[in-house]
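# A structural model of the following input is requested.
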Amino acid sequence: MNRIRIALLIIYVLLFILLRSIKMLIWAKTIGKDIYINAWYGELGNNLIQIVHAEYLSQKTGLTIHLPKHRYLNLEQSYRIHTISPSVPQDVDPGTTGLFLADLRSHPGEVSLRRELFRSFFYKYDISPFKPSLTEYRTLFQTKALPLISSRASQRVTDETLVIHMRSGDVFQKKPHPAYVQPPVSFYLKIIEEFNFTDILIVTQNDFRNPCIEHLKQLIPTVRVQASTLEDDISAILSARNLVTAFSTFSIALAFASTQIKQLYIPQLQVKKDYWRTLFWSPIFKLAFQSNDYNNQFESLDFTLYPIKIHNYVAIGDWKNNQAQRDLMIHHSREHLSF
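Below is the predicted model of the structure:
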């Protein structure tokens, strides 16, 4: 019965996506209304992706973009700000199917705005049937997202520094999002040794819950750790010539916005067999798992991208933050990594 219910939900979601794709094609070919990001979904990395997707569609359709006010990004000089709330509540468990259903069914309460493109613009279906290439993502992040971010050159980062974004915080709470698996120590050691890095800066949150932080410091005492203000952490990542991302939209989005990046190392994880939600994730975030979507586009970028596959490890959709998984983060073998 549970499988039948899941199958029906998937069909329901796919029908919604088909209708949205048809609407998008009509908007692209005729005089439509405007583009509204209905609400900010998640944290800064997600929000930058939302803006880039809206900009991408604006270029395709010629429509004006309206955004809700943001607590960090400087939007007022570049965009029209709206105060419209979506009709469907946003406080849905992000690890459940209900998130997609709530997002797909979201619409403005005002009838006069029902013909607008009123969406989150985070998921793949929000921009379907279009799909940005990696170079289009790169251009949009640099020209549209970067000017909105407050940052400065970090004095802690040089040409030789390897900056590692190591996510901590909510993914290490009691009931974490099942998708947000973080890389093991073996992943970081492989990069450090393979590319002979000696100056290493970890950028993380100040709770230090990620067990890889302390273990890496024990193995390499010269490793520096930064857990500072959001602006300081953004500045360090944007200053990096050599950057290792977490399983996180935050560091991936900033990497594509960066004017300094030369070498980018991204962990690629396996997906749990029945974790179908990855089908709808933002196209650029598919770089973080073993997908073939962009494999033939890496050479078109103006920096070198190294996707590193992590085998025999916790799969996306199976993260529980239990002791066995935390132990595996420390003891996972480098033999199960491949470039």
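# Relative to L140, how far out is S133?
From S133 across to L140, the span is 10 Å (Cβ to Cβ, to the nearest Å). Quick note: C-beta positions are derived from backbone N, CA and C, even for glycine.
# Next: G62.
For G62 relative to L140 (Cβ to Cβ), the value is 16 Å.
# and these two? which has more neighbours close in?
Higher neighbour count among G62 and L140: L140, with 23 against 11, using other Cβ atoms under 10 Å.
# thinking the more buried one is in contact with S58, fair?
No - with contacts counted by Cβ atoms under 8 Å, L140 stays clear of S58, the gap being 10.1 Å.
# what ranges do the helices span in the protein?
In the chain, the helices defined using DSSP state H lie at 2-29, 44-61, 98-105, 134-140, 185-194, 211-219, 230-239, 249-257, 323-331.
# Buried residues of the shortest one, list them for me.
Looking back up the chat, that one is helix 134-140. 134, 136-140 (16 or more other Cβ atoms under 10 Å).
# Serialize those to JSON lines and add fields for distance to K320 and pLDDT.
Supplementary listing: these in JSON lines, determined by distance: Cβ to Cβ, whole Å; pLDDT from 0 to 100:
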{"residue": "L134", "distance to K320": "32", "pLDDT": "97"}
{"residue": "E136", "distance to K320": "36", "pLDDT": "98"}
{"residue": "Y137", "distance to K320": "32", "pLDDT": "98"}
{"residue": "R138", "distance to K320": "35", "pLDDT": "98"}
{"residue": "T139", "distance to K320": "39", "pLDDT": "98"}
{"residue": "L140", "distance to K320": "35", "pLDDT": "99"}
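# I'd like those as a markdown table, with distance to T278 appended.
A markdown table is the format used below for the buried residues of helix 134-140 (distance: Cβ to Cβ, whole Å):
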| residue | distance to T278 |
| --- | --- |
| L134 | 18 |
| E136 | 21 |
| Y137 | 18 |
| R138 | 22 |
| T139 | 25 |
| L140 | 22 |
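# any low-confidence regions in the protein?
Residues of the chain that meet the criterion pLDDT under 70 lie in 1-32, 87-115.
# What degree of burial does T278 show, as a neighbour count?
17.
# whoops, I mixed them up, G317
Per other Cβ under 10 Å, the neighbour tally for G317 reads 21.
# How about R209?
Neighbour number of R209 under other Cβ under 10 Å is 18.
# ok now do it, which residues does it touch?
R209 makes contacts with 168-169, 172, as judged by Cβ atoms under 8 Å, 6 or more residues apart in numbering.
# and it, how far is that from H331?
As judged by Cβ to Cβ, R209 and H331 stand 18 Å apart.
# Same question for L75.
From L75 across to H331, the span is 45 Å (Cβ to Cβ).
# Could you check which of those two is surrounded by more residues?
L75 (16 against 11).
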